[in-house]
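[1] Next one to model:
(chains A and B)
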Protein chains: 2
Amino acid sequence: MNIPITSFPRIVIIGGGFAGIALAKKLSKQEVQVVLLDKHNYHNFQPLLYQVSTGGLEPDSIAYPIRKILKDFPNFYFRLANVEEIDAQKNMVITDIGNLKFDYLVVASGSETNYFGNSEIEKNSMAMKTIPQALNLRSLILENFEAALLTSDLNERNALMNFVIVGGGPTGVELAGALAEIKKGILPKDYPDLDTRMVQINIIQSSDCILKGMSDKASQKAEDFLENLGVNIWKNVRVTNYDGKTVTTNTDLTFETATLVWAAGVKGATIKGLDADEFITRGNRILVNEFNQVKGFKHIFAIGDIACMETEEFPNGLPMMAQPAIQQGHQLGDNMLRLIEEKPMKPFKYKDKGSMATIGRNKAVVDLPKIRFQGVFAWYVWMFVHLFFLIGFRNRMVVFVNWVYNYVRFDREARLIIRPFKKKLKAE
Amino acid sequence: MNIPITSFPRIVIIGGGFAGIALAKKLSKQEVQVVLLDKHNYHNFQPLLYQVSTGGLEPDSIAYPIRKILKDFPNFYFRLANVEEIDAQKNMVITDIGNLKFDYLVVASGSETNYFGNSEIEKNSMAMKTIPQALNLRSLILENFEAALLTSDLNERNALMNFVIVGGGPTGVELAGALAEIKKGILPKDYPDLDTRMVQINIIQSSDCILKGMSDKASQKAEDFLENLGVNIWKNVRVTNYDGKTVTTNTDLTFETATLVWAAGVKGATIKGLDADEFITRGNRILVNEFNQVKGFKHIFAIGDIACMETEEFPNGLPMMAQPAIQQGHQLGDNMLRLIEEKPMKPFKYKDKGSMATIGRNKAVVDLPKIRFQGVFAWYVWMFVHLFFLIGFRNRMVVFVNWVYNYVRFDREARLIIRPFKKKLKAE
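    Next up is the predicted model:
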């Protein structure tokens, strides 16, 4: 890879997610050379992907060109690349566009959908971790209704209008809420000649509550909100298989559906060379110390979802969310400069800023460290926070315009089937 | 196709472009049943596709769900379908989702890219007639620069940064202007380690002027604007072939390029059953009389690009543009009601409202029936007119926000490579 050799130490960052971008911003003003590698040329604001899938937002307004985020920084290099392997002995990253030597390496490769080894489910279900995936889900949902109009087979029609979401985490809950709003506000107008009362929205949750990790109150309220919206929540049920038609579970419960959204879990997106048992711990994540150093290395780090940092509060590793990723990125930026100047690094302390989820119009649940609340005000807080964390003034403006419009008009206009072909894609 | 049979006459419209939508709007409040068929579920505002290709606008803000345009109309039915054949004898439309009887048929299938029979060019070039195509072009342009960074082969790098646009009509001119703005305002910031002065933008025009059909003054001004932006215009040159690497012409001029955009012509998108020589005239269009009736039929009509209506002013048929399509749609709506009430129809009279094209920032050329002007004011007029003709308040808002932002910040932020895979697609 033709990156100029300078007198500055070269820091290679793998991944332009929350963690990688936060770190790059910290470093890029310093006397280091930063090379950021990502397989996309944009940073993708994952918390709003579900709104792309449900026609509420354009994909372009929750994505941001990585080159632009860091355009003003000297000694910064971006390369669109798939990292194939890390040669920790040779201090080299091996990619599909060539090899790259590093002085310091930071793995911020994030997480990917975890199918727990079930290839049938992987083949037949929809995921929602990337923008192409979100667009494919949007197209599939719309195509289902077009198809439902055509069939005279009642079972087929019901299957086309039956949506099964596996996983009661924020992704599943927010997607279910949005689908319920569409069922209420849009489908009857768009499909007057279809009995959209038959639309079913199901959340299947393996444990006994949704939004695990949030407070019991938030979890309970979210359930109430969803049930008022007509969403069926199936708790303590584990999906065992999906052949593209029938969802089977560990109970005698089964679902006939054309759409299974798999939001049941994520795992670390490990990279060959750092995937040996000595590095990898639960959730396929890389075990790191309090400085985000990978076990056995002084100059190789992992941050964000891929990094498993065990703390007293989180013995199984920090949650795989935006906040730990951003905070680790910032702190590692400082620590690497300390390391380069041979000063002692500071251990990472996670500040839990709370978590939140929205469940359709006017409804959200918010857990802050000191206060918890649910309902309309929570919904405004949710919107403000997400607007605030979006990158880019234009994105904020466009998202704001869309939200105001959607709210006032009870509408979501980006319901377009835009893709070159109809079959489901497993695009990453 | 399960469309209910009513006492109303059934009018089947093929195509949800400018013509088809204008007609449907006219008819859908009347005592007729309207069935609109389109292979996309959205109406696509083609005049702004080039801004999608160049990252200035989101695709979702120039497209609009067809169901929503007509949701308040009774007796209106939309079906997502590919029309395969028209059986004029049986009064039946044959589609990939079944057959449909009609009392009246209106073909508004529009136009498609005309490669003049050159399959090599069709295979290797990019078109810009649909939203997937526009997105593929956007991705290709960005991928070219990422690739240009990697190669050490100077010829290859130049080919990746060399853009050849065939056709000096509005599409080619506006795309060239946008690319020139990107070269000036964005590439140096995004690719500091690439000598973007090497970027070449070429327009190849077979005749002796660009923007044929507009006034000589407009054509000349457009040329000046483009040349000031550094665009090379090659007149009286005809492209003979493109193998994916080298563009050959009828002169000794050749171009080494990774990107050939084919905007050299369109032809009517004819449909089997109405494609016999007795119907088809120059440009692959269906010959119609002054009532838009297809030769030999009282109840089969063609409007918009597909229809060739010969007038004194336009002996070769009205221009293939939005205005004739919209006007024909409106008038045919009235005429069909007259026909149903057995009143005499009124012959169509085309009101030329003028034409315009923009050439980058602050520059446009406008020909109105009574007045012609070029420059900054023309540019504001161009923007106002395009905002006005866009369908949907949200689309207008979002496009306006983007335009203001892009203008103030000299930027285009939707420069994202968003597609499931890298190879060029011939998506329609």
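
[2] Show me the shaky parts of the stretch 201-350 of chain A.
    Using pLDDT under 70 as the threshold, the predicted model of the stretch 201-350 of chain A has no low-confidence range.

[3] and the residue of it found nearest chain B, what are its phi and psi?
    Residue nearest to chain B within the stretch 201-350 of chain A: residue A:258 (15.6 Å; Cβ to the nearest Cβ). Using the backbone N, CA and C atoms, a C-beta is placed for each residue, glycine as well. Main-chain dihedrals, residue A:258, degrees, to the nearest 10: phi -90, psi -10.

[4] since we're on it, how many residues are nearby?
    Here the count is done by other Cβ atoms under 10 Å in any protein chain shown, and residue A:258 has 22 residues near it.

[5] Ok, residue A:126 next?
    21.

[6] which ones are touching it?
    Contacts for residue A:126 (Cβ atoms under 8 Å, 6 or more residues apart in numbering or on different chains) come out as A:133, A:136-137, A:140, A:259-262, A:424.

[7] And the strands in the stretch 301-428 of chain A?
    Using DSSP state E, counting those that start in this stretch, the strands found in the stretch 301-428 of chain A span residues A:307-309, A:355-358, A:364-367, A:372-374.

[8] Make a markdown table out of those and add distance to chain B and mean neighbour count.
    As requested, these are exported to a markdown table (distance: least, Cβ to the nearest Cβ, whole Å; neighbours: other Cβ atoms under 10 Å in any protein chain shown):
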| stretch | distance to chain B | mean neighbour count |
| --- | --- | --- |
| strand A:307-309 | 27 | 24 |
| strand A:355-358 | 20 | 24 |
| strand A:364-367 | 23 | 26 |
| strand A:372-374 | 29 | 19 |
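
[9] Tell me which of the ones you listed lies nearest to residue B:173.
    Closest approach to residue B:173 among the strands of the stretch 301-428 of chain A (Cβ to Cβ): strand A:355-358, 45.2 Å.

[10] Let's have the strands of the stretch 301-428 of chain A in a markdown table, adding distance to residue B:408.
    Putting these into a markdown table (distance: least, Cβ to Cβ, whole Å) gives the following:
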| stretch | distance to residue B:408 |
| --- | --- |
| strand A:307-309 | 39 |
| strand A:355-358 | 32 |
| strand A:364-367 | 33 |
| strand A:372-374 | 38 |
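
[11] so which of these comes closest to residue A:161?
    Closest to residue A:161 of the strands of the stretch 301-428 of chain A, according to Cβ to Cβ: strand A:355-358, at 23.7 Å.

[12] chain center to the closest one, what's the gap?
    For strand A:355-358, the gap between its own C-alpha mean and the chain's C-alpha mean amounts to 14 Å (Cα atoms, centre = their mean, to the nearest Å).

[13] And it, what does it pack against?
    Contacts of strand A:355-358 with other secondary structure elements, assessed using 3 or more Cβ pairs under 8 Å, 6 or more residues apart in numbering or on different chains; DSSP states H and E, are made with helix A:170-185, strand A:364-367, helix A:376-389.

[14] and that strand, which strands flank it?
    Sheet pairing of strand A:355-358 (DSSP bridges) gives strand A:364-367 (antiparallel).

[15] average pLDDT across the partner strand?
    The average pLDDT for strand A:364-367 rounds to 96.

[16] Could the C-alpha coordinates of that strand be exported in PDB?
    The C-alpha atoms that make up strand A:364-367 are tabulated as PDB, following Å, rounded to 0.1, in the frame of the first residue of the first chain:
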ATOM      1  CA  ALA A 364     -39.300   6.100  24.600                       C
ATOM      2  CA  VAL A 365     -37.600   4.800  27.600                       C
ATOM      3  CA  VAL A 366     -34.500   6.500  29.100                       C
ATOM      4  CA  ASP A 367     -32.200   5.300  31.800                       C
END
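
[17] So residue A:335 sits against residue A:289, correct?
    No: assessed by Cβ atoms under 8 Å, residue A:335 is found out of contact with residue A:289, at 11.2 Å.

[18] who has more neighbours, those two?
    Looking at residue A:335 and residue A:289 with other Cβ under 10 Å, you find the greater number of neighbours at residue A:335, namely 23 against 14.
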